[in-house]
Every structure is written in C-alpha cells, then in structure tokens.
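> Based on what follows, work out the 3D shape:
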Amino acid sequence: MIDPTDLIGRQLPSFTAIAERGQLRFFASVLGETDPVYTDLAHAHEAGYPDLLIPPTFLFSLELTRPNPHGALAELGVDMRQVLHGEQSFRYHSLAFAGEELVLTPSYSNYYEKKGGALRFLVRRTAVTRKGEPVAELENVLVIRELELTT
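Numbers count the residues shown, from 1 in each chain. Next comes the predicted model:
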C-alpha cells in the first residue's frame, strides 16, 4: 500500500480509444438525447459532421476502457465498496466523432481529506487529444469513504 499523496503528479500510460457508433447510439438513448446527430448518420452528415457526434459526457465512458482503470485504487488498498463518484467536469477544445482515434492521458492531480480522513478525495485529470491536437480535458473526483463493516 502507498501513501495517497504519492499519486499526485503521477501520469498513467496513455491509451487509444475509438467511440463506435453503436456505443454512441446506446449512450444517447440512455441519456434521453433526441438530437439525431448523435444517433443517425444521415442527420449527422446533413449537419456537416463526418460521422455521429460524440455526446459531451461520453468521453468519461471512454476513459473507463483503459487497461486496469482502478489500478491506483488497488495500490492504495482501497476496497471498491468504499468508492463513490464525487464529480466530473469537462473542458472542450473541439468536437469529436465516431470512429476517430482519441488518445487519453490520465494523471492524478490532487488528494485531500475531509471529516478527519473519513472522506478521502482523489482527483484525476485526463487530456484527450486527436492527432496531437487537444479535444478535451476531463476531471474526475473519486470519494473514498471509510466503511463500517459488520461481522
């Protein structure tokens, strides 16, 4: 087990992800998205797009496809039952579309505690690029809480 502050500044290996049309259609339907540029290729083309538009929050889903997405938590000795999704934010530089090869480069940027360590917060930032050009910056805050286990 390592000290959580040792993660700050650690860059994880970059990985490549491609959003497939089926994934995008399913994601849009789950969100209740009705704009056909997310689900219908003909509409996307009519709107001037090369393919289906990736919905704004879908990039977070792509990030979960990286190899061993919870490796740092395992290093910390965290039981996944302790983990809650705290928040996420996105900063966009350009649109992204189905079939594009996107490179995601995550790193840990902060760690802090509240309530005397009962709540621990781990912040991960991910740069998303396409052919070396920025697409988006993602930030995800995981909350690690102390569990009260009964035996």
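
> Just want the most central residue of this protein.
Against the mean C-alpha coordinate of the chain, by CA atoms, centre = their mean, the closest residue is residue 60 at 2.7 Å.

> and after the helix or strand hosting that residue, which helix or strand comes next?
Using DSSP states H and E, residue 60 maps to helix 58-63. With elements assigned by DSSP H and E, the helix or strand that comes after helix 58-63 is helix 71-75.

> Please name the residues that touch the residue nearest to the centre of the chain.
88, 90, 138, 140 (CB atoms under 8 Å, 6 or more residues apart in numbering). Every C-beta, even on glycine, is put in place using the N, C-alpha and C of the backbone.

> Now name the helix or strand holding residue 22.
helix 21-31.

> Pull out the buried positions in that helix.
21, 23-25, 27-28 (16 or more other CB atoms under 10 Å).

> Tell me the buried residues in the helix holding residue 60?
58-60, 62-63.

> which one among those residues gets closest to residue 7?
Nearest to residue 7, judged by CB to CB, of the buried residues of helix 58-63 is residue 63 at 16.4 Å.

> On the pLDDT front, check the closest one for me.
On pLDDT, residue 63 comes in at 85.

> for it, what are its contacts?
Contacts of residue 63 (CB under 8 Å, 6+ apart): 17, 69, 104, 106, 126, 138, 140.

> Let's see that with 6 Å instead.
The contact partners of residue 63, by CB atoms under 6 Å, 6 or more residues apart in numbering, come to 104, 126.

> any idea how far it lies from residue 134?
Using CB to CB, to the nearest Å, residue 63 is found at 15 Å from residue 134.

> What's opposite residue 124 in the beta bridge?
residue 108, residue 140 (DSSP bridges).

> quick one, strands of this protein?
15-18, 83-92, 101-114, 119-130, 133-145 (DSSP state E).

> out of these, nearest to residue 9?
Between the strands of the chain, strand 101-114 lies closest to residue 9; by CB to CB that is 7.0 Å.
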